[in-house]
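Student: Everything below, folded, please.
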Amino acid sequence: MICLVIGGAKSGKSMYAQNLSKELENKGSNLYYVATMSPYDEDDLKRIENHLKEREGYGFQTIEVQRNIDNIINKIEKNDTLLIDSLTSLVTNEMFVLNEFNENIQNNIIMGLRNISKNALNLVMVSDYISSDSITYDSYTENFRKEIGLVNRNVAIFCDVVIECVFNNIIIHKGKDILESYRISNAN
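Tutor: Have a look, this model is predicted:
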């Protein structure tokens, strides 16, 4: 199964994705947490620490990859379940490299995610929606919003399931029948 879990900050999306990944895990195979965040400050370090605590006891093996997501293909096997958290951090890392600004990075990310999805049994991806306000931003931020929007839209196209988390409420936009076939309606 290929699934996108999307939502705003503190919406419950990461916890939902962790629970879903654990339920999808194929016994005897690997359960990977693919961490994409590059910590830039104390708040980021605290967020990482909280995510580590939240996943204790789940059995995740952590793979850290901040850029070039398709480089993990040689580490995974066909029966593995992967949770990538998050596409937002991945887009950030690809756009801003060593004081350089890279536009139009979505194609490489989408191609990498498609390749990963073909090489694993289950792929669950977490992303943020960042376009729910009406504020105008500078050109860098507007380009970032455009890129993450394009990544989210194109990933949703090849996903079997698309779930939105809003204040810990789950809205299934695509693939409800697939979740039901796994006997999963609400992995919280």
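Student: The worst-scoring helix or strand of the chain on mean pLDDT pairs with which strands?
Tutor: The weakest-scoring helix or strand in the chain, judged by mean pLDDT, DSSP states H and E, is strand 100-101 (a mean of 86). Strand pairing for strand 100-101, using DSSP bridges, gives strand 96-97 (antiparallel).
Student: before we move on, the earlier item: of all the residues in the helix or strand that the least confident helix or strand of the chain is followed by, which ones are buried?
Tutor: Going down the chain from strand 100-101, the next helix or strand is helix 106-118, by DSSP states H and E. By neighbour count on 16 or more other C-beta atoms under 10 Å, the buried set for helix 106-118 is 106, 109-110, 112-114, 116-117. Any C-beta I mention is one placed from the backbone N, CA and C, and that applies to glycine too.
Student: so where's this protein shaky on pLDDT?
Tutor: Low-confidence segments of the chain, defined by pLDDT under 70: 132-134, 184-188.
Student: could you pull out the strands for it?
Tutor: Assigned by DSSP state E, the strands in the chain fall at 2-7, 31-35, 61-64, 81-85, 96-97, 100-101, 122-128, 161-166, 169-174.
Student: what's the longest helix in this structure?
Tutor: helix 139-158 (DSSP state H).
Student: which other residues reach that one?
Tutor: Identification of contacts with helix 139-158 by C-beta atoms under 8 Å, 6 or more residues apart in numbering yields 2, 4, 6, 87-88, 91-92, 95, 101, 103-106, 109-110, 113-114, 117, 125, 127-131, 136-137, 162, 173-174.
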